[in-house]
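In: need a structure here:
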Amino acid sequence: MRARSFLKIGLAAASAFTLFADPALEVTAVRFWSMTDSTRVAIETNGEFQFRTDRLQNPDRVFYDLLGAKPRMVEKGVRTTQVGDKLLKRIRVAETQPGITRIVLDLEEGVQVNASQLSNPDRLILELRPPRLDVPAQKPPAIPVPEVPPSTPMALPQAAAKVTAQPAVEVVPAPAPAAPVKTPVKPPLPAKRNTDGERSLVRALGLKVRRVVIDPGHGGHDQGSTGRTGLLEKDLVLDVAKRLGALIETKLGSEVIYTRADDTFIPLEARTGLANENKADLFLSLHANSSPVPSVSGVETYFLNFTTARDAMDVAARENAGSDQSVYELEGILQKIGKQDKARESRDFAARVQTALYGNSLRSNAAARNRGVKKAPFVVLIGATMPSILAEIGFVSNPREEALLKKPDYRQRIAEALFKGLSRYADSLSHFEVAQASGK
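Out: Numbering: from 1, shown residues only. A predicted model of the protein is given here:
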């Protein structure tokens, strides 16, 4: 009864809304990804939207009505997509009335659903997770205590009845505890300037890197570039990504999230969406290059060009050097952060990675070129709210580089170079220094 009342009221409100809705607003796609312990559904649109939702029982399902939107993928009737994993049975899409697109998720019993509305591009991300298992707390079993009759005297054990005099022992006062050795700690240093000699808002606020999203390019049916002897870009970058992730977790102590951890295809737009949703501080997309000219080789790193008073920024840098807030939290601290700052930080991030990548990983590859830092409108970088770059780690179309890229030790060298550049960038944002003990 509650659900029906909701629908009647909601439909009336929706009818009023459609009078003012953007006639060009469409639901452009509904996608899903089944993972080990979760399922993600992305409802994509071509503009800003409003929605309403409710959950119904018998059978368990949840629906989302996008107000004023038409479903591009449905001309008539209902479009049903069978999913059949442990959390989601199917997805149904229909235009329930003119200008109202309804997406229904038919759920397994008790599945948790969390919704996040994101922009650039506009979409609704639904995270499905298994039901919570509420285990009632159990009282520990009572330990029986034997009763002793009050009239029964308790005799000491025979061994305890005899008290034997012990020889006197000289008590030597314990030495005074040694004074603790203090390691002098320098005050937090202000963030270093970037490669342009400037301090962006990220640096002025003394932000930290707690969470990194690594994006192994391509995956699934999208193989990426293919080497002359069959090396697939999607396999190469996934292996390097996992090596890099292990270094970040163990040496930098930051959390690592992969856009894909296996041979799965993830749409480009969903990759930065995942980074934004998880409040990542850095985004690094890994790819391998290709050229019709076999002799072309080398590494290059890209950033997206997101098309004030210096003394005050210096003061802010010193005052905020001890901040424990992360890069992502900048959006909440200061909504006025400019796109120029994001591009500047991404460029600096790219420069440090490129320097390390060429200097460290290509020592055994004399023919490789340092192709430098470049800017380009990569879709996978659009919409990121954190510094984001794309690294091309070599040319699989070059026979010599392909042979090297097949070797585990060379891949490890690339991962170490990427980590070196990333950690140097993270250190440049804000850091503490501990003075060495003098030994005197």
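
In: List phi and psi for the closest residue to Gly220 other than its chain neighbours.
Out: Among residues not flanking Gly220 along the chain, Phe265 sits closest, at 2.9 Å (C-beta to C-beta, 6 or more residues apart in numbering). C-beta: built from backbone N, CA, C; applies to glycine. Per-residue torsions, Phe265: phi -90, psi 130 (degrees, to the nearest 10).

In: The one 10 residues further on too?
Out: Backbone torsions for Ala275, taken as degrees, to the nearest 10, come to phi -60, psi -40.

In: and it, how many residues sit next to it?
Out: 28 (other C-beta atoms under 10 Å).

In: Just confirm it contacts Val256, I think it does.
Out: No. Assessed by C-beta atoms under 8 Å, Ala275 is found out of contact with Val256, at 11.7 Å.

In: which residues are common contacts for those two?
Out: Val213 (C-beta atoms under 8 Å, 6 or more residues apart in numbering).

In: Now for the residue nearest to Gly220, how many residues are close by?
Out: 13.

In: Please apply the same query to Gly217.
Out: What Gly217 shows, counting by other C-beta under 10 Å, is a neighbour count of 26.

In: ok, now which ones touch it?
Out: Counting by C-beta under 8 Å, 6+ apart, Gly217 has contacts Gly224, Glu233, Lys234, Val237, Ser285, Leu286, His287, Ala288, Val380.

In: For it, which non-adjacent residue is closest in space?
Out: His287 (4.2 Å).

In: quick one: the one you found and Gly224 touch, right?
Out: Yes. Counting by C-beta under 8 Å, His287 touches Gly224, with 7.0 Å between them.

In: Pull up the overlap in contacts between the two.
Out: Common contact partners of His287 and Gly224 (C-beta under 8 Å, 6+ apart): Gly217, His218, Glu233, Val237.

In: Now render these as JSON lines, adding distance to Ser428.
Out: Output for these, formatted as JSON lines (distance: C-beta to C-beta, whole Å):
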{"residue": "Gly217", "distance to Ser428": "26"}
{"residue": "His218", "distance to Ser428": "31"}
{"residue": "Glu233", "distance to Ser428": "30"}
{"residue": "Val237", "distance to Ser428": "26"}
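
In: on that earlier part again, pick out whichever of the contacts of Gly217 sits closest to Thr36.
Out: Lys234 (19.5 Å; C-beta to C-beta).

In: Now do the contacts for the residue lying closest to the closest one once chain neighbours are set aside.
Out: Once flanking residues are discounted, Lys234 sits nearest to His218: 4.0 Å by C-beta to C-beta, 6+ apart. Taking C-beta under 8 Å, 6+ apart, we find His218 in contact with Gly224, Glu233, Lys234, Val237, Phe265, His287.

In: Then Asn365?
Out: Ser297, Arg400, Glu401, Leu404.

In: Mean confidence (pLDDT) on stretch 245-252, please.
Out: Mean pLDDT, stretch 245-252: 94.

In: And it, what's buried?
Out: Neighbour counts over stretch 245-252 (16 or more other C-beta atoms under 10 Å) mark Gly245, Leu247, Ile248, Leu252 as buried.

In: Quick check: which element contains the first one?
Out: Same thing as Gly245. For Gly245, the element it lies in under DSSP states H and E is helix 233-247.

In: what's whatever helix or strand comes next after that helix packed up against?
Out: Counting by DSSP H and E, the next helix or strand C-terminal to helix 233-247 is strand 255-258. In terms of contacts (3 or more C-beta pairs under 8 Å, 6 or more residues apart in numbering; DSSP states H and E), strand 255-258 is packed against strand 211-216, helix 233-247.

In: Tell me how many other residues crowd the closest residue to Gln412 other than its chain neighbours.
Out: What sits nearest to Gln412 in space, not counting adjacent residues and going by C-beta to C-beta, 6+ apart, is Arg243, at 5.7 Å. As a burial measure, Arg243 scores 18 neighbours (other C-beta under 10 Å).

In: just Thr96 next, same as before
Out: Residues near Thr96, counting by other C-beta under 10 Å: 15.

In: list the contacts for it?
Out: Counting by C-beta under 8 Å, 6+ apart, Thr96 has contacts Asp65, Arg102.

In: quick one: Pro46 from Gly245, how far?
Out: One thing to correct before we go on: residue 46 is Asn, not Pro. Per C-beta to C-beta, to the nearest Å, Asn46 is found 34 Å from Gly245.

In: typed the wrong thing, it's Gly77
Out: 45 Å.

In: In which helix or strand does Asp54 reside?
Out: Per DSSP H and E: strand 50-56 holds Asp54.

In: One more: Thr272?
Out: Judged by DSSP H and E, Thr272 forms part of helix 268-277.

In: Then Ser423?
Out: helix 408-429.

In: Show me what counts as buried in that helix.
Out: Quick answer for helix 408-429 (16+ other C-beta under 10 Å): 410-426, 428-429.

In: Quick one: mean pLDDT for it?
Out: With pLDDT averaged residue by residue, helix 408-429 scores 93.

In: Which strands or helices does it pack on?
Out: Other elements packing on helix 408-429 under the criterion 3+ C-beta pairs under 8 Å, 6+ apart are helix 201-204, helix 233-247, strand 282-289, helix 339-361, strand 388-395.

In: which residues of the stretch 301-440 of the chain score low on pLDDT?
Out: Low-confidence segments of the stretch 301-440 of the chain (pLDDT under 70): 305-342, 361-364, 367, 379, 430-440.

In: now the strands for the stretch 51-200 of the chain?
Out: Shown for the stretch 51-200 of the chain, the strands assigned by DSSP state E, counting those that start in this stretch span residues 61-67, 70-71, 78-82, 88-97, 100-107, 112-118, 123-129.
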